[in-house]
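**Student:** Sequence and predicted structure are below.
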Amino acid sequence: MAFSSEEIERYARHIVLRDVGGPGQQKLKAASVLVVGAGGLGAPVLLYLAAAGVGRLVLVDDDEVSLSNLQRQVIHRTPDIGRPKVESARNFVKALNPHVEMELHRTRLDASNAMALVSSVDVVVDGSDNFSTRYLVSDACALAKRPLVTAALGTFDATLTTLRPHEVGPDGTPNPSYRCLFPEPPPPGTVAPCAEAGILGALAGVAGSLAALEVIRAIVGFGEGLVGKLLMIDALSMRFETLSYAYDPENPLTGTVPTISDLSEHARDAETAH
């Protein structure tokens, strides 16, 4: 997979990096990444993965651009208001880097399509804004044996971690799953949605950029990632802290006696919600 002269110039600052270089840039070009959501987190993820030269970006989002999105969703513009976010994102990526292939799915990720979408890529990034999707994506990635970078935003805080529960750590213990970190979602109504609680726009950019960095690191293979570590960002005190978490043998997905072997639980939950 040879680079054109234009690509060599475009990626020159990566190619001269000792831990990336030409081989690392080739890995990025050959890679495919599923991005769940083109909102506050997904927007900077798409921006930096496209700029980095990830060869194929698969985007899932069923929403349209609204004026209130533009405070933080940096790949969309005022003329995009009312357009599907997937189309706005495609136009942005094409203008930034025409070497990146975009595959669009203007739909909601659910139990019927998650396994196929997750299985079609090398790495998944979850930028969704609700717990039901986070559990669905993390379960699908564990079942499909795909690494997942997942981030979440609060009003002035954010979290980020990488999940590889299909692999073992250096000590031979299985890596933790999302259900090891968060065994149960919070009760309904306890976490106010973004529209009610608000969110600091630049914080979404910080967390999304760090998520893109985790994806790039996972593809190229340099440094220490966030497997078994939860990065916590406090924008009020400008503090970054890392919490370690471990495999729980009693978790229902990858534990010693697993009770989740497919996504049927999520399909039932969706039917109950409707």
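**Tutor:** Noted; the coordinates are in hand.
**Student:** which residues of this structure score low on pLDDT?
**Tutor:** For the chain, the stretches with pLDDT under 70 are 189-195, 271-274.
**Student:** Mind jotting down where the strands sit in the stretch 151-274 of the chain?
**Tutor:** Ranges of strands in the stretch 151-274 of the chain, per DSSP state E, counting those that start in this stretch, are 157-163, 229-234, 239-244.
**Student:** could those strands go into a markdown table alongside mean neighbour count?
**Tutor:** C-beta: built from backbone N, CA, C; applies to glycine. As requested, those are arranged in a markdown table below (neighbours: other Cβ atoms under 10 Å):
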| stretch | mean neighbour count |
| --- | --- |
| strand 157-163 | 22 |
| strand 229-234 | 17 |
| strand 239-244 | 10 |
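**Student:** Save those as a markdown table, and put in distance to residue 16 too.
**Tutor:** A markdown table is the format used below for the strands of the stretch 151-274 of the chain (distance: least, Cβ to Cβ, whole Å):
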| stretch | distance to residue 16 |
| --- | --- |
| strand 157-163 | 26 |
| strand 229-234 | 28 |
| strand 239-244 | 28 |
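**Student:** out of those strands, which comes closest to residue 253?
**Tutor:** strand 157-163 (10.6 Å; Cβ to Cβ).
**Student:** The closest one vs strand 229-234, what angle?
**Tutor:** Going by axes from the mean of the first three to the mean of the last three Cα atoms, to 10 degrees, strand 157-163 is angled at 170 degrees with respect to strand 229-234.
**Student:** With only the CA atoms kept, save strand 157-163 in PDB.
**Tutor:** What follows is strand 157-163, C-alpha atoms only, in PDB (Å, rounded to 0.1, in the frame of the first residue of the first chain):
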ATOM      1  CA  ASP A 157     -16.200  16.400  33.600                       C
ATOM      2  CA  ALA A 158     -15.400  13.600  31.200                       C
ATOM      3  CA  THR A 159     -14.100  10.000  31.300                       C
ATOM      4  CA  LEU A 160     -12.300   7.800  28.900                       C
ATOM      5  CA  THR A 161     -11.200   4.200  28.800                       C
ATOM      6  CA  THR A 162     -10.200   1.500  26.300                       C
ATOM      7  CA  LEU A 163     -11.700  -2.000  26.500                       C
END
